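> I'll drop the sequence and a predicted model, then ask my questions.
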Protein chains: 2
Amino acid sequence: MGKVATAEAYRFMTDCLKAVGAAAKAAEQQAELLIQADRLGHPSHGLNRLEMYINDILSGACQPNNEPKILKESASTAWIDANNVLGATVSHFAMDVAVTKAKSTGVGWVTVKGSNHNGMAGWWAQKAADKGLIGMAFTNTSPLLAPTRSKQAALGTNPISVVAPASQGESFYLDMATTAVAVGKIEMQRRKGQPLPSGWAQGPDGRETTDADLGYNTGCLMPLGGGEQTSGYKGYGLAAMVELFCGISSGANYGHHVRSWSHSGEGGPANLGHCFVAVDPECFAPGFGDRLAEAIQHWRQLEPTDPNLPVLAPGDKEKKSAKETDERGTVSYVKQQIDSSAALAERLKVKPMDVMLDN
Amino acid sequence: MGKVATAEAYRFMTDCLKAVGAAAKAAEQQAELLIQADRLGHPSHGLNRLEMYINDILSGACQPNNEPKILKESASTAWIDANNVLGATVSHFAMDVAVTKAKSTGVGWVTVKGSNHNGMAGWWAQKAADKGLIGMAFTNTSPLLAPTRSKQAALGTNPISVVAPASQGESFYLDMATTAVAVGKIEMQRRKGQPLPSGWAQGPDGRETTDADLGYNTGCLMPLGGGEQTSGYKGYGLAAMVELFCGISSGANYGHHVRSWSHSGEGGPANLGHCFVAVDPECFAPGFGDRLAEAIQHWRQLEPTDPNLPVLAPGDKEKKSAKETDERGTVSYVKQQIDSSAALAERLKVKPMDVMLDN
């Protein structure tokens, strides 16, 4: 592990994106998205993803200096062409539209086509919550989820995120893939040389596997819920719902038409689809924030099964991680990540990331 | 098992509701909701629920002849007081409002307080889909879901339903509790004398149990995803999200404040909260229905793990059941259900349901 000042990791990511031609604002917004994921304890969506974005810019699959465009709109909706910009650029643009419409009509529902990977979905839902709204963000991704009973993957890890502001400094924060676990968790078990728990991944025969290598190489994650007996078809249904909101509504690539997962930047534009929703809770019963805070606090004080494992409210893990990161002022990366960042710095002629030794 | 002509079961349910004072339209709409559940293969939400509604009317907890009222509205939202009517009455009223707003602004988002159990969520989402819209329905329910790490239940089975029309006679139909399974499935294993699969229910010590009696008596269902290792906190997060849309937004009872599950009609008004959403896919990319149909058909033809178990699209089970019911013209009920309906007929002085012997 290596420790890096949070501001320095952000500087490095911004510099790399600028070095391959992204204008300052686009580079900064994308780097902010990545550093937020590292800060919230989701390293798979942080610096770890930088090289994928770089490669997509270098190959021409992503055009960071284009401008997103509204293709069609109504009082409460908009359909946007991302024009192949970075995911962060169009996600800011689209959620701003959703927020403006929600402030005017109560709801904004925006779909996006022609986009690239837009990172941690929660960051976009949070953007609406910061304006006092219920924010939601959905995106499709490369096929990795095997529908119940299927040998093959046909949907992405298609995340659902909902964030809402509450009283007393509380907030509701949900950001979840609709697969049982993300690919990163399979990779982690593999590195540790440990078997996979039941319900995470399938082997090439379509059956559940506990072999981490086999699970990783097959690339067929099980939906949330696992097998059919434990209602994995619900996770499959949720992933399909996300696709309906994203690629199918926006006319982006969808489901099996989305390019395979790769860091190579090959395969042309990703043409991913997203969906952003903002709803104004002021349109309903007064006291929304108080009720939400009371519910959150009730969940936390429920009697735990194991006294050492207190019940958490959705988002508590992320908030704890963010607080600790901010107190330390540093983020930590595994050695492999530090090494590949050094190689990237050299390749792009960018000032390398200043890494402190970890204790 | 006993077979009953579908029309006769509907007649019986309507008569019972009228016998306890519900006006014709209210009785018919509620009976239609129940017969649709039996028709779609969800018997737990069909005739099985009738007595609960009857008891709530008799105790005065439900006032079937009140009128729901819009308390506040904006271009795309409405906040409704159900005024304690039957769930079907206010759900028709509220989804009609959502549909009208969606036709005008692109989206309708409606929350309801002061309501009663509104049955199968999919029936309400379907209502919007029948008008060419993406329909969504959510409701809170009595506490039965134990948040991850908790010994106690604190949320309902809080269903999510999304239904959307597609080309070529296809449609997307998702209607799922956010618990791993519904109570009815625990009851079924218990009747069969079989153990529960892992990940369904907890015992009084807060640990997963495979003992069907213990699971049934404890009344603590596990969220979709099961235990923490298989991401049960995602199912918990989804149930909490539904509560945020329903009771917390509408000012109805929410979470632990919702009355316990019972058929007794005691405990006063349920004051449940619902949420209904309609979105017009015409506001986005042309060709929505074609893409959705293509995706659905792709999922069905995926290579299955077991050649005898073809991959299904969300809703295929329900459509098959509806088709078979319509071809037969009858619904089937277990003996216990037939017997309790006969007792109910006698109690309410209603013509008993005409039951044919099953073969």
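Arrived safely.
> how many neighbours does the spatially closest residue to residue A:153 that is not a sequence neighbour have?
The shortest distance from residue A:153 to any non-neighbouring residue, by C-beta to C-beta, 6 or more residues apart in numbering or on different chains, is to residue A:143 (4.4 Å). C-beta: built from backbone N, CA, C; applies to glycine. Other residues within reach of residue A:143, judged by other C-beta atoms under 10 Å in any protein chain shown, total 22.
> you'd agree residue A:143 is in a helix?
No: going by DSSP: H, G, I helix; E, B strand; the rest coil, the assignment for residue A:143 is coil, not a helix.
> that one is in contact with residue A:253, isn't it?
No: Residue A:143 lies out of contact with residue A:253 (C-beta atoms under 8 Å); the separation is 10.3 Å.
> let's test this: name the helix or strand in chain A with the lowest mean pLDDT.
Lowest mean confidence among the helices and strands of chain A (mean pLDDT, DSSP states H and E): helix A:183-192, at a mean of 85.
> ok, and what's touching the following helix or strand past it?
Downstream of helix A:183-192, the next assigned helix or strand under DSSP states H and E is strand A:201-202. Here strand A:201-202 makes contact (C-beta atoms under 8 Å, 6 or more residues apart in numbering or on different chains) with A:146, A:151, A:186, A:208-209, A:215-216, A:218, A:220-222, B:305.
> quick one: distance of strand A:201-202 to the chain centre.
The chain centroid and the centroid of strand A:201-202 are separated by 21 Å, computed with C-alpha atoms, centre = their mean, to the nearest Å.
> again with stretch A:97-104
That offset, for stretch A:97-104, works out to 22 Å (C-alpha atoms, centre = their mean).
> which parts of that stretch are buried?
Residues of stretch A:97-104 classed as buried: A:97-99, A:101-102, A:104 (neighbour count, 16 or more other C-beta atoms under 10 Å in any protein chain shown).
> which residues of chain A fall in strands?
For chain A, the strands defined by DSSP state E cover A:2-5, A:69-73, A:77-81, A:107-115, A:134-139, A:160-165, A:171-176, A:201-202, A:208-209, A:272-279, A:330-333, A:355-357.
> so, in contact with chain B or not, the fourth one?
Yes: looking at strand A:107-115 against chain B by C-beta under 8 Å from any C-beta of the partner chain, the contacts come from A:107-109, A:111, A:113.
> now the fifth one
Yes: judged by C-beta under 8 Å from any C-beta, strand A:134-139 comes into contact with chain B through residue A:134.
> list the pairing partners of that strand within its sheet, with orientation.
In the sheet, strand A:134-139 lines up against strand A:160-165 (antiparallel), strand A:272-279 (antiparallel) (DSSP bridges).
> now swap in the third one and tell me
The strands that strand A:77-81 pairs with in its sheet are strand A:69-73 (antiparallel), strand A:107-115 (parallel) (by DSSP bridges).
> any idea which helix is longest in chain A?
Ranked by number of residues, the top helix in chain A under DSSP state H is helix A:87-105.
> what is that one packed up against?
Helices and strands touching helix A:87-105, by 3 or more C-beta pairs under 8 Å, 6 or more residues apart in numbering or on different chains; DSSP states H and E, are helix A:24-39, strand A:77-81, strand A:107-115, helix A:121-129, strand A:134-139, strand A:272-279.
> switch to 7 Å and redo it
Helices and strands touching helix A:87-105, by 3 or more C-beta pairs under 7 Å, 6 or more residues apart in numbering or on different chains; DSSP states H and E, are helix A:24-39, strand A:77-81, strand A:107-115, helix A:121-129, strand A:272-279.
> nearest to residue A:155 among those would be which one?
Among the helices and strands packed on helix A:87-105, the nearest to residue A:155 by C-beta to C-beta is strand A:272-279 (12.4 Å).
> what comes up buried for stretch A:50-60?
Using 16+ other C-beta under 10 Å as the burial criterion, the residues of stretch A:50-60 that qualify are A:50-57.
> err, stretch A:2-19, not the other one
Within stretch A:2-19, the residues scored as buried using 16+ other C-beta under 10 Å are A:2-6, A:8-19.
> picking up where we left off before, what's the closest of the buried residues of stretch A:50-60 to residue B:286?
Comparing those against residue B:286 with C-beta to C-beta places residue A:56 closest, at 27.7 Å.
> rewinding a little: of the strands paired with strand A:134-139, flag the one that's most buried.
When you average the neighbours per residue for each of these (mean count of other C-beta atoms under 10 Å in any protein chain shown), strand A:272-279 leads with a mean of 29.
> now do that strand: distance to the chain's middle.
Centroid separation between strand A:272-279 and its chain, computed with C-alpha atoms, centre = their mean, is 13 Å.
> what lies in contact with that strand?
Contact with strand A:272-279 is made by A:91, A:94-95, A:98-99, A:102, A:106-113, A:115-118, A:124, A:128, A:133-140, A:245-247, A:249-250, A:252-254, A:258, B:109, as judged by C-beta atoms under 7 Å, 6 or more residues apart in numbering or on different chains.
> just the C-alphas of it, formatted as PDB.
C-alpha atoms of strand A:272-279 as PDB (Å, rounded to 0.1, in the frame of the first residue of the first chain):
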ATOM      1  CA  LEU A 272     -23.600   4.000 -22.900                       C
ATOM      2  CA  GLY A 273     -27.000   5.100 -21.600                       C
ATOM      3  CA  HIS A 274     -27.800   6.800 -18.300                       C
ATOM      4  CA  CYS A 275     -30.900   8.100 -16.500                       C
ATOM      5  CA  PHE A 276     -31.000  10.900 -14.000                       C
ATOM      6  CA  VAL A 277     -34.100  11.700 -11.900                       C
ATOM      7  CA  ALA A 278     -34.800  14.500  -9.400                       C
ATOM      8  CA  VAL A 279     -37.900  14.800  -7.300                       C
END
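> tell me what the residue lying closest to residue A:71 once chain neighbours are set aside is bridged to.
Once flanking residues are discounted, residue A:71 sits nearest to residue A:79: 4.9 Å by C-beta to C-beta, 6+ apart. Residue A:79 forms beta bridges with residue A:72, residue A:111, as assigned by DSSP bridges.
> check contacts around residue A:79.
Applying C-beta under 7 Å, 6+ apart, the residues contacting residue A:79 are A:71-72, A:111, A:250, B:283-285.
> will you turn those into CSV that also has distance to residue A:271?
Listed next are the contacts of residue A:79 as CSV, based on distance: C-beta to C-beta, whole Å:
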residue, distance to residue A:271
A:71, 14
A:72, 18
A:111, 13
A:250, 10
B:283, 20
B:284, 15
B:285, 12
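> between these, which sits nearest residue B:168?
Closest to residue B:168, out of all of the contacts of residue A:79 and judged by C-beta to C-beta, is residue B:285, at 18.1 Å.
> where's the most centrally placed residue in chain A relative to residue A:173, distance?
Nearest residue to the geometric centre of chain A (C-alpha atoms, centre = their mean): residue A:120, 2.3 Å. Distance, residue A:120 to residue A:173, by C-beta to C-beta, to the nearest Å: 11 Å.
> cool, and residue A:342?
Counting by C-beta to C-beta - residue A:342 and residue A:173 are separated by 33 Å.
> more neighbours: which of these two?
Taking other C-beta under 10 Å, residue A:342 and residue A:173 do not tie; residue A:173 has more neighbours (23 against 14).
> list the contacts for the more buried one?
Residues near residue A:173 by C-beta under 7 Å, 6+ apart: A:122, A:163, A:314-315, A:318.
> how about it: what's its closest non-neighbour residue?
In space, and not counting its chain neighbours, residue A:173 is closest to residue A:315: 2.6 Å by C-beta to C-beta, 6+ apart.
> and for residue A:231?
In space, and not counting its chain neighbours, residue A:231 is closest to residue A:225: 4.4 Å by C-beta to C-beta, 6+ apart.
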